[in-house]
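Asker: no sequence on this one, just coordinates:
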């Protein structure tokens, strides 16, 4: 199921420059899978199965942003030793969490699902 809505590169981009790069591909895939499942559950819609039919660029960007930020939280929490301080790591967590909340609020709204389906 990995890397359908967001890629590992998109996730790492949300982690910032100082994330610890020793994360295995399998662990990254697990974080992405969990984030994708969460976004589908939050939206009460299987975006994964229907991903190839979603054509609305705005919807795709919001879904990708939500998954990438959510998975980035796990990457940052996994090993904070690459950051210059715990404060820097916490700031990255806070920024990503705030973005996840904004995206999930949109995704949970029934009009978002209608928007996604109408654009397919």
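Answerer: On my side now, so go ahead. Bear in mind that the values here come from a model prediction, so they are computed numbers and not experimental data.

Asker: which strand or helix spans the spatially most central residue of the chain?
Answerer: Geometric centre of the chain, nearest residue: residue 67, 1.6 Å, by CA atoms, centre = their mean. For residue 67, the element it lies in under DSSP states H and E is helix 57-78.

Asker: downstream of that helix, the next helix or strand is which one?
Answerer: helix 86-108.

Asker: and that following helix, how far from the chain's centre?
Answerer: For helix 86-108, the gap between its own C-alpha mean and the chain's C-alpha mean amounts to 10 Å (CA atoms, centre = their mean, to the nearest Å).

Asker: by contact count, what packs against it?
Answerer: helix 25-43, helix 57-78 (3 or more CB pairs under 8 Å, 6 or more residues apart in numbering; DSSP states H and E). (C-beta placed from N, C-alpha, C; glycine too.)

Asker: I'd like the average pLDDT over the last one.
Answerer: To tie it back to what came earlier, the one meant is helix 57-78. Average pLDDT, helix 57-78: 95.

Asker: contacts for it?
Answerer: 5-6, 10-15, 19-20, 23, 27-28, 31-32, 34-36, 38-39, 47, 54, 83, 89, 92-93, 96-97, 99-100, 103-104, 106-107, 112, 115-116, 119 (CB atoms under 8 Å, 6 or more residues apart in numbering).
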